[in-house]
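Student: I'll drop the sequence and a predicted model, then ask my questions.
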Amino acid sequence: MSNPDPLPQPAPHCPALPNGEAAHLARAIKAWGAELGFQQVGIADCDLSTAEQRLTDWLGRHMHGEMHWLARHGTKRTRPAELVPGTLSIISARMDYLPEYQVNIEQVLRSPAQAFVSRYALGRDYHKVLRHRLRRLAQRIEAKVGAFGYRVFVDSAPVMEKPLAQKAGLGWIGKHTNLINQQSGSWFFLGEIYCDLPLPADPPAADRCGRCKACIDICPTHAIVAPYVLDARLCISYLTIEHPGPIPEPLRARLGNRIYGCDDCQLTCPWNRFARQTVETDFLPRNGLDTATLIELFSWDEAEFLARTEGSAIRRIGHERWLRNIAVALGNAPKSVKVQAALAARGDHPSDLVRDHVRWALAAQSS
């Protein structure tokens, strides 16, 4: 996770908002958000008691795996005013990132020699893009009401972004645990402004998943163990990004050609027939990552990896995990002399982690 943004110097007290001014300001904030490129902006209050209980139960079942930071901050994650004292409202915003038609994404998954990267990570690091826009939104508010206390977050602190977004009316949390918008599907990023302005909260979005369980049925590793319950320890996104150690052998074959994240549950969700392609050039693919082959990416040394992933969310996993993930995908690829030669070239890699996965992949290629 990114480091939290520094807290700007707040006003001694939140600005007084005359009767009717709070509702007018809330409407203006949404209009300014649209001007800044957000597809939707909503406002939530600070009551996350239901989400807190669900999080506590989930952590108690140890489904967070090695993501110990999820349990590290106590109730600061679910009680916004404990994280940022004085918080009265949360401004939640979403920005679409789908870079191409879904049929093109599905084609990559059906091409085992190609590398599949979750579509959110193909372009510029979304943390930077959204953080910049949210700061500009806060500045617009400040120009209107004067100095006020606020803090911007984009997956950068103990923030329950999806429950907050649901409360702000941006969508509902689906059975795959992603947020779904009725008009736009789920291919979007979220960001928040915690603030000390007494803004009127929007009505929360209603759950519209109904009887559908397409995401549960499609999950390659059966990580959605029940509706609305994801066991991160089985999730390909967790295994290829957050998990620091060896990928469990029983799950390796199920990764297919997915080397960074997994989009299967989004690809199968019927609400994503309404998804729109992004208008943000920052989210479009860089360095050919949407069409690269596994062998090509496996050949990158650490210097090339760092250069090619500069400004990308991918860089945070490091070169070692990058090679670990691609080795597994090469083991799952159709048997070929080229694949076996690429793997053998990494057979004496200094990392035990990489060597272990290369050995597995070579065994899978020869079986």
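Tutor: That came in fine, so what should we check first?
Student: According to the record, where do the domains of this protein fall?
Tutor: 21-100+123-195, 214-366 (automatic domain parsing).
Student: Between those domains, which one is closest to Q114.
Tutor: Closest to Q114 of the domains of the chain is domain 214-366 (C-beta to C-beta; 5.8 Å). (Each C-beta comes from the backbone N, C-alpha and C, glycine too.)
Student: Kindly provide the whole-number mean pLDDT of the closest one.
Tutor: Throughout domain 214-366, pLDDT has a mean value of 97.
Student: What are the boundaries of the strands in the stretch 101-250 of the chain?
Tutor: Secondary structure of the stretch 101-250 of the chain (DSSP state E, counting those that start in this stretch): strands located at 116-117, 150-153, 172-173, 179-180, 188-195, 224-226, 229-230.
Student: Adding mean neighbour count and distance to D202, write these out as TSV.
Tutor: What follows is those, written out as TSV (neighbours: other C-beta atoms under 10 Å; distance: least, C-beta to C-beta, whole Å):
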stretch	mean neighbour count	distance to D202
strand 116-117	26	34
strand 150-153	26	18
strand 172-173	19	13
strand 179-180	25	14
strand 188-195	25	14
strand 224-226	15	28
strand 229-230	20	26
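Student: Can you tell me which of those is nearest to D125?
Tutor: Going by C-beta to C-beta, the one of the strands of the stretch 101-250 of the chain nearest D125 is strand 188-195, 10.6 Å.
Student: helices or strands up against that closest one?
Tutor: Applying 3 or more C-beta pairs under 8 Å, 6 or more residues apart in numbering; DSSP states H and E, we find strand 188-195 packed against strand 89-96, helix 126-145, strand 150-153, helix 161-167.
Student: Sheet-wise, list the partners of that strand with their directions.
Tutor: The strands beside strand 188-195 in its sheet (DSSP bridges) come out as strand 89-96 (antiparallel), strand 150-153 (antiparallel).
Student: Distance check, the residue lying closest to L48 once chain neighbours are set aside against P163.
Tutor: Distance criterion C-beta to C-beta, 6 or more residues apart in numbering; nearest residue to L48, sequence neighbours excluded, is T78 at 4.5 Å. For T78, the distance to P163 equals 8 Å [C-beta to C-beta, to the nearest Å].
Student: between these two, what contacts are shared?
Tutor: Counting by C-beta atoms under 8 Å, 6 or more residues apart in numbering, the shared contacts of T78 and P163 are L48, A51.
Student: rewinding a little: wouldn't the residue nearest to L48 be in contact with A51 here?
Tutor: Yes: between T78 and A51 there is a contact under C-beta atoms under 8 Å: 5.9 Å.
Student: Now do the shared contacts for those two.
Tutor: Joint contacts of T78 and A51 (C-beta under 8 Å, 6+ apart) are M160.
Student: Comparing these two, which residue is more hemmed in?
Tutor: Applying other C-beta atoms under 10 Å to T78 and A51 shows that T78 carries more neighbours, namely 24 against 18.
Student: what sits against that one?
Tutor: L48, S49, A51, E52, L55, M160.
Student: Please verify my assumption that the fourth one contacts K76.
Tutor: No: under the criterion of C-beta under 8 Å, E52 makes no contact with K76, lying 11.0 Å away.
Student: Please, which helix or strand holds the nearest residue to E249 once chain neighbours are set aside?
Tutor: With sequence-adjacent residues excluded and distances taken as C-beta to C-beta, 6+ apart, E249 is closest to W360, at 6.8 Å. W360 is part of helix 352-366 when elements are defined by DSSP states H and E.
Student: Just the buried residues of that helix, please?
Tutor: L353, V354, R355, D356, H357, V358, W360, A361, L362, A364, Q365 (16 or more other C-beta atoms under 10 Å).
Student: Tell me the one of those nearest G174?
Tutor: Of the buried residues of helix 352-366, the one sitting nearest to G174 (C-beta to C-beta) turns out to be H357, at 32.0 Å.
Student: Could you check what's spatially nearest to the closest one, not counting adjacent residues?
Tutor: Nearest one to H357, counting by C-beta to C-beta, 6+ apart, is A327 at 3.9 Å.
Student: For that neighbour, give me its contacts.
Tutor: F298, L343, R346, V354, H357, V358, W360, A361.
Student: quick one: the closest residue to the third one other than its chain neighbours and R252, what's the gap?
Tutor: Translated: R346. Using C-beta to C-beta, 6+ apart and skipping residues adjacent in sequence, the residue nearest R346 is V358, 5.1 Å away. Using C-beta to C-beta, V358 is found at 12 Å from R252.
Student: got a list of what K213 touches?
Tutor: K175, P227.
Student: please redo it, this time with the cut-off set to 7 Å
Tutor: K175 (C-beta atoms under 7 Å, 6 or more residues apart in numbering).
Student: rewinding a little: select only the buried ones of the contacts of T78 in ChimeraX?
Tutor: A single ChimeraX command selects the buried members of these (16+ other C-beta under 10 Å):
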select :48,51,52,55,160
